[in-house]
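Visitor: Next one to model:
(chains A, B and C)
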Amino acid sequence: MSTDGWWVVGMGALVAVLCAALGTFLYLRRLSMLGDAISHAVLPGIVLAYFISGARESVGLLLGAALFGLLVTYLIDWLTEKAGMQQDASIGLSFTLLFSLGIVLVSVWASRVDIDADCVLYGDIALLPFDTWSWKGQSMGPRHFSMLLGLDVLVGLLLWRGYKGMQLLAFDRVFAASTGMAVGLWHWLLMGGVSLATVFSFEAVGAILVVAFLVIPPAIGHLWSFGSLPRMLTIAMLAGVVSSFLGYGLAVWLDSSIAACMSTAALLLYGLSWIIHPQRGGLALLLKKRRVPHAPMMGRMR
Amino acid sequence: MDTNFAYVLAGSMLLGAAAGAVGVFGLLRKNSLVGETVAHSMLPGIGMAFLLSGLKNSWILLLGSVVSAALSLVFVRWVRRFSGPRPDAALAIALSGFYGVGIVLLTFIQNRGTGDFSGLDHVLFGRAAAMLQEDVWVFGGLALVVLVMALLGHRSMGLVAFNPDFARSIGWPVRFYEGAMAGLGILAIAAGIRAVGIVLMAALLVIPAATARYWTHRLGVTLVLSALFGALGGAMGTVLSSASSSMPTGPLTVLSLCALALLGIVFAPERGLLSKVLRKHRKRLQSERENFVKGVVQCLEERPGTQTVSGSVLRSRMGLSAREYYRNVRRTVAAGWILPVVGGLRPTESGWTEGRRINRLHRLWEVYLNRKAGVPIDRVHESAEVIEHLLTPELERDILAELGLCEHYAPTVEIHLHSATGA
Amino acid sequence: MECDLGHLLFQVLKAYFCRFQISRIALIATLRRWAGLGLGLLFGCSPSPTQEGPAETVSIRVVATTSLAADLARSVLPEVFVVEGLMGPGTDPHLYKSTQGDLKALREADALVHTGLQLEGKLGQIFEKQRSEKPVSRLSDGIPVSALIKSSGFADGYDPHFWMDPQRWADAAAQLSQDFQKAYPEHAQSIEARFQRYRAELEALDREVETAVAGLPDSARWLVTTHDAFNYFGKRYGIQVRSLQGFSTAADFGVKDVRDLVDFVIAQNIAAVFVENIVSSRSLDAVVEGCRSKGFILNLGSSLYTDALGPTGAEADTYLKMIRVNTRSIVHALQSPSIES
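Guide: Got it, this is the predicted structure:
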């Protein structure tokens, strides 16, 4: 595999670890659709940043997107907790609201400029090895590799310091509050961390991969966790990394979009989990059926 | 009236009503975001249809998309059974998984170089302002079907949505109902996306239903309200977008629906924010009044023989500022519990009753906490200060029964005072 | 070997469901075999087929973004340059998704060509970043700023569809020729010769279109399309252009826009409106219906090619053919008188 290939797989793995870790908490809090919601809700942020900065390539776009990523996350939270709306309805309302706002802004003021998220925000993992940076004359590899590594470290720190809090939050918010824990703070940090990590990952590798990694590896982790959160996290991250490898192989074989192949690989891993799961898996059910002894049938050839 | 405007108005209202009603069932099963999942999982079907037929005909592509959407819903069901009942996770897995496969197919087609396929999925994503006469017929038919189903079967469909196991146990063909609902849902969503695009369709399936839930609990009323809100949103969006240029109809419809939702969130009786705030406020006022009259009664009970308690004694005992004192006096006088006389305040008949009642509840709760919950004596007071206002007569009876006391139980002194005096 | 693997597999499965009683050695041996197979697949993967040029080692690989840019490169550069377009025919540059093969092609390319004016989004940015490593030609550099059409009030808001005007495309060809002559001075002469020949063809095309359009009466010189992609064409040949929505993929239109367009079409007595090859015709269907309800028959002209060439072997697989086909469709449709019932 070429150097480019290793960089791609490496970055895929970094995104996978990041998204799988954060996605685990989303999965437990029943917020799996948040990634998709954020991918739509960033539009007004991008448009406003364009109006302010006048350029389609600026850092401002990323900041605008990040701001609206945070906004949609907190809006969903407010609707669910304070306004008493059902969580999936809050998600649906929030992202359609913000996305429609964005479309109105574009249609009225910028209908001849291509500023939807697909054009100006979402990156493509296949192109990342070309975007390198150098420090003091030494080439440091793709820019996004370092950025993703930094994000991973930050989120790792957040999880390490706040692990107890996050753990309680994930499972029983009311109990956590009753123990006097600063539920509000950790919850805000987690939600903020998720939305920022998501938007930055969008900029690196695009929406397809991020949304898939936020959702499928945690589901795989949950299947194999057998009740233990650390195990769920580990397996989710592992599943993500393996998907990254397999996905790249698939993309080489089919000459296809690398991100899409990685998310397909994750889906295949999920399917594989079903087949080999010892309790509820297809193979187990099949074997169970065969193990039951058949009563001898009278008058029939066996 | 201009024809285009008429088509868009009629189409939006009909689609809004139908989607609103369908969305109620989605909301009940925590399936609101199924529109998003269906929209994204249509992609592989489109790709396969194009690959197999070689044509860019929108009917063939629509067929392919419906097939793959149906498959994805089957997948969602299977994930729910296998991975535990997390509705949102199943939808999200289907969404991202199928979409990824779709993109793989699409890039595969892209590379074959036969061309003329790009934006295959966009062929199926319409714009609300471009509704045609055929759309109006389709949505009219859809709305009719939904209406009939809702009228005839909403109770049974509601039961199936709420509690499928129970329905199964009483012998209903749950699979048939669920299959019918899912099939109808997919067709509605596909037709809707073809006419108005993904985001508007997703919004129509979620927002009217969620708004209706703020106004009522009954399923029938929710269905009607949701359909109404959906139609109203569609109408508002159409009218607004016809007022000025470059005002896109679909997004304006979504914004109208959100405005309606905001109205519900704030102003709905009982579940609305305003109502909640008012209730809290009223409760707080009531607690203040009761505390005050309790304080008056306590003061008088401690000084047997006196009929009046002076303002300064009350103020120092309860720690009230002058303004707070006078405010409380005003309110308790208005409630008919207190009479201001020379030398201070005197409780009325009802004032005495009320004060004694609160005191009794306070002491009762302290006894209960101490004896039944094992809370130490010096901790019971704070809880009692709050709970005294909340105990209803039924609860009071239950507590007495728990403690094995008769209803004439009337401790004259609070427990924690006991411990202080060592008695 | 196969029996061995199968047997081990069976043992592993059996042990798995009987709670891991398999011998550790056998398990490790199996895992090592599978890992070996997996790595073998990765490393031994055959590269995806790209459009290989002649087998000579001297050929210079040029990678272009859109089918149009690739066509220009093929027309201007001599045979020693093997041109590969990342986006095939019919591919909308806005919706393009890079593949793994593109990554490889980009890395192995000797020179790059892209359109500029942010038509290709992030892909274009990546191409620009490669300037320090290999020759990169940005076609829009060749166009004088005064000839560009502004699309918004902002700094970089230019309409990128400049290829619709053959004169601008000739400017781009000149830029391409200049860039490559500078990068490959040994081929400068052959590049110049080919470029001059192609420029002559473009000029001939320009005159052809001018003549064809001149036949249209002033009242019929309205080009109504779904997207706003014909501004340069209209500016060059004196045809006025109008569309339902801007060419941004995110922009949307409202009921009033449809009504205004219907009224406009009727007022100007426009014979036909046009769809583009990459977009659905739904929005224009609504305009047609609106016109019909007011008693005006509006025709849908044949599909026009805008952001991409047509499929290979068909009517519009080169730039010259594309412009000719477009012109023919436009003139034919606009010339036919519309019937007012």
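Visitor: Can you pull out the low-pLDDT segments for the stretch 251-400 of chain B?
Guide: By pLDDT under 70, the stretch 251-400 of chain B has no low-scoring segment.
Visitor: Now for whichever residue of the stretch 51-200 of chain A sits closest to chain C, how many residues are close by?
Guide: Closest to chain C within the stretch 51-200 of chain A is A:S111: 3.0 Å, counting by Cβ to the nearest Cβ. Where C-beta positions appear, they are placed from N, C-alpha and C, glycine not excepted. Under the neighbour criterion other Cβ atoms under 10 Å in any protein chain shown, A:S111 is assigned a count of 21.
Visitor: OK, contacts around it?
Guide: B:S246, C:D228, C:Q245, C:G246, C:S248, C:A251 (Cβ atoms under 8 Å, 6 or more residues apart in numbering or on different chains).
Visitor: how about a cut-off of 10 Å?
Guide: Counting by Cβ atoms under 10 Å, 6 or more residues apart in numbering or on different chains, A:S111 makes contact with B:246, B:248, C:151-152, C:228, C:243, C:245-248, C:250-253.
Visitor: Tell me the most packed of those, by neighbour count.
Guide: Tallying neighbours with other Cβ under 10 Å puts C:D252 at the head of the contacts of A:S111, with 31 neighbours.
Visitor: Tell me if it really is in a helix.
Guide: No - counting by DSSP: H, G, I helix; E, B strand; the rest coil, C:D252 is not found in a helix; it is coil.
Visitor: okay, which residue is most central for chain A?
Guide: A:L214 (2.4 Å; Cα atoms, centre = their mean).
Visitor: Just after the helix or strand hosting that one, pick out the following helix or strand.
Guide: For A:L214, the host element (DSSP states H and E) is helix A:207-225. Proceeding N to C from helix A:207-225, the next assigned helix or strand is helix A:229-254, under DSSP H and E.
Visitor: Now the residue of the stretch 51-200 of chain A closest to chain C. Nearest residue, chain neighbours left out?
Guide: Spatial nearest neighbour of A:S111, excluding adjacent residues (Cβ to Cβ, 6 or more residues apart in numbering or on different chains): C:G246 at 3.0 Å.
Visitor: Using the three-state scheme, assign that neighbour.
Guide: Judged by three-state DSSP, the three-state class of C:G246 is coil.
Visitor: thought it was touching C:F253?
Guide: Yes - using Cβ atoms under 10 Å, C:G246 is in contact with C:F253, at 8.9 Å.
Visitor: can you list residues touching both of these two?
Guide: A:S107, A:S111, B:S246.
Visitor: Look at the first one and report its pLDDT.
Guide: Model confidence at A:S107, given as pLDDT, is 87.
Visitor: quick revisit: quick check: the residue nearest to the centre of chain A vs C:G142, distance?
Guide: 44 Å (Cβ to Cβ, to the nearest Å).
Visitor: can you check B:E302 too?
Guide: 99 Å.
Visitor: Looking at these two, which is more packed in?
Guide: Using other Cβ under 10 Å, the more surrounded residue of B:E302 and C:G142 is C:G142, with 21 against 11.
Visitor: where does the chain have low pLDDT?
Guide: Let's take chain A. For chain A, the stretches flagged by pLDDT under 70 are A:169-183, A:290-302.
Visitor: Switch to chain C, please.
Guide: Low-confidence segments of chain C (pLDDT under 70): C:1-57, C:152-156, C:277-279, C:336-341.
Visitor: What segments of it are helices?
Guide: C:2-17, C:24-44, C:67-76, C:100-108, C:122-129, C:166-183, C:188-214, C:231-237, C:255-268, C:282-293, C:319-335 (DSSP state H).
Visitor: Please name every helix or strand in contact with the third one.
Guide: Packing partners of helix C:67-76 (3 or more Cβ pairs under 10 Å, 6 or more residues apart in numbering or on different chains; DSSP states H and E): strand C:60-64, strand C:81-85, strand C:111-114, strand C:136-138, helix C:166-183, helix C:188-214, helix C:319-335.
Visitor: winner for burial among the ones you listed?
Guide: Mean neighbour counts were taken over these using mean count of other Cβ atoms under 10 Å in any protein chain shown, and the top value, a mean of 26, falls to strand C:111-114.
Visitor: Using the centroid of chain B, identify the residue furthest from it.
Guide: In chain B, B:G305 marks the outermost C-alpha relative to the chain mean, sitting 55.5 Å out by Cα atoms, centre = their mean.
Visitor: Which helix or which strand is home to that residue?
Guide: B:G305 belongs to no helix or strand when assigned by DSSP H and E.
Visitor: contacting residues for C:K134?
Guide: Neighbouring residues of C:K134 by Cβ under 10 Å, 6+ apart: C:R61, C:V62, C:V63, C:L106, C:A109, C:D110, C:A111, C:L112, C:F127, C:A183.
Visitor: Kindly report the same for B:A69.
Guide: B:A69 makes contact with B:34, B:37-45, B:94, B:98, B:182, B:185-187, B:189-190, B:193, according to Cβ under 10 Å, 6+ apart.
Visitor: mind running it again at 6 Å?
Guide: Applying Cβ atoms under 6 Å, 6 or more residues apart in numbering or on different chains to B:A69 gives the contacts B:V38, B:S41, B:M42, B:I186.
Visitor: Looking at the residues you listed, which is nearest chain C?
Guide: Out of these, the member with the shortest distance to chain C (by Cβ to the nearest Cβ) is B:M42, at 14.6 Å.
Visitor: So which of the shared contacts of C:G246 and C:F253 belong to helices?
Guide: Using DSSP H, the shared contacts of C:G246 and C:F253 in helices are A:S107.
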